[in-house]
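Peer 1: Sequence first, then the predicted structure:
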Amino acid sequence: MPLIEVQNLSKHYSCGEETVAALSGVDLAIEAGEFIAIMGQSGSGKSTLLSVLGGMNHPTAGSVSIAGVPLYTLPDEGLADFRAQNLGFVFQSFHLIPYLTALENVMLPLTISKMSKAEKRAAAGDSLARVGLAGKAERLPNQLSGGEQERVAIARAIVNTPHILFADEPTGNLDSKNSDEVMGLFRELNGGGQTVVMVTHNPENCGYADRTIYLRDGLVVESV
């Protein structure tokens with residue numbers, strides 16, 4: 001059984017009297033341990049697909065199952081718990097809290113955990129060390145470079161050891177040097193067993209992935 005299985009997935013939005021189809025009958029299977037890149041032109045449905053796969057955007061039709069669990073049959077609270085326990089998210093704009101240190105930002109997904117505060121700090125410290133920022137735990141986001149802020153965002157996404165890491169344009173705000181370093185980090189995490197699903201507009205990033213899925217007008221047109 002694939003880790004992620006998508007069947008006949010559609011997502012429609014109402015825009016005035018018009019209905020816009022962001023996704024139209026997508027079928028997809030992703031195996032555990034794969035590194036998947038999703039590419040397509042602006043408006044092709046890439047980010048919509050990622051948000052639906054990540055349990056953040058109810059589809060209009062079709063199904064998404066992760067590890068055999070049909071996501072959108074879960075009640076809202078159950079879906080939120082499933083995301084917190086199994087999925088990690090990295091976004092293009094980092095979404096770091098400016099008045100929290102790097103360590104405190106990484107601790108955020110552990111807020112509802114039953115771990116002690118010392119255990120949470122230790123887990124966040126370990127996660128920062130994994131992304132090469134052990135010495136910058138007490139710095140605020142504005143004291144970090146763009147590449148370092150993205151690393152903090154990745155550390156936050158992996159602190160709860162999720163089964164799947166979703167990334168939406170993770171290098172979109174970075175220069176080429178920092179982009180290469182961040183993509184190398186994703187490859188390293190994937191080599192350690194992390195399943196990675198990444199939306200990107202940069203063809204060079206696809207070189208780090210095992211497989212690239214191409215979308216056009218809400219449809220999968222190629223998977224190589």
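Peer 2: Yep, it's here.

Peer 1: V197 and V224, how far apart?
Peer 2: According to C-beta to C-beta, to the nearest Å, V197 stands 16 Å off from V224. Bear in mind the C-beta positions are built from the backbone N, C-alpha and C, glycine included.

Peer 1: which of the two has more neighbours?
Peer 2: Neighbours were tallied for V197 and for V224 using other C-beta atoms under 10 Å; the higher tally belongs to V197 (25 against 7).

Peer 1: Please name the nearest non-neighbouring residue to that one.
Peer 2: I36 (4.8 Å; C-beta to C-beta, 6 or more residues apart in numbering).

Peer 1: next one: T195
Peer 2: T195 sits nearest to I164 (C-beta to C-beta, 6+ apart), 4.7 Å away.

Peer 1: Kindly provide the distance from the one you found to M1.
Peer 2: 15 Å.

Peer 1: Low-confidence ranges, this protein, go.
Peer 2: In the predicted model, the chain carries no residue with pLDDT under 70.

Peer 1: buried set for stretch 44-60?
Peer 2: 44-55, 57, 59 (16 or more other C-beta atoms under 10 Å).

Peer 1: Quote the end-to-end distance of that stretch.
Peer 2: Its first and final residues considered, stretch 44-60 spans 17 Å by C-alpha to C-alpha, to the nearest Å.

Peer 1: Of all pairs in the buried residues of stretch 44-60, which one is the farthest apart?
Peer 2: S44 and G55 (21.1 Å; C-beta to C-beta).

Peer 1: before we move on, back to that, comparing I164 and M1, which residue is more hemmed in?
Peer 2: I164 (22 against 9).

Peer 1: What sits closest to the residue nearest the centre of the chain if chain neighbours are left out?
Peer 2: Nearest to the mean C-alpha position of the chain, by C-alpha atoms, centre = their mean, lies F166 at 1.7 Å. Nearest residue to F166 in three dimensions, chain neighbours excluded: G54, at 4.7 Å (C-beta to C-beta, 6+ apart).

Peer 1: quick one: the one you found from L87, how far?
Peer 2: Taking C-beta to C-beta, one finds G54 at 6 Å from L87.

Peer 1: go on, L219?
Peer 2: If you measure L219 against L87 using C-beta to C-beta, the figure is 25 Å.

Peer 1: those strands in this structure, which residues are they?
Peer 2: Counting by DSSP state E, the chain has strands at residues 4-15, 18-30, 35-39, 61-66, 69-70, 87-91, 164-168, 195-199, 211-216, 219-223.
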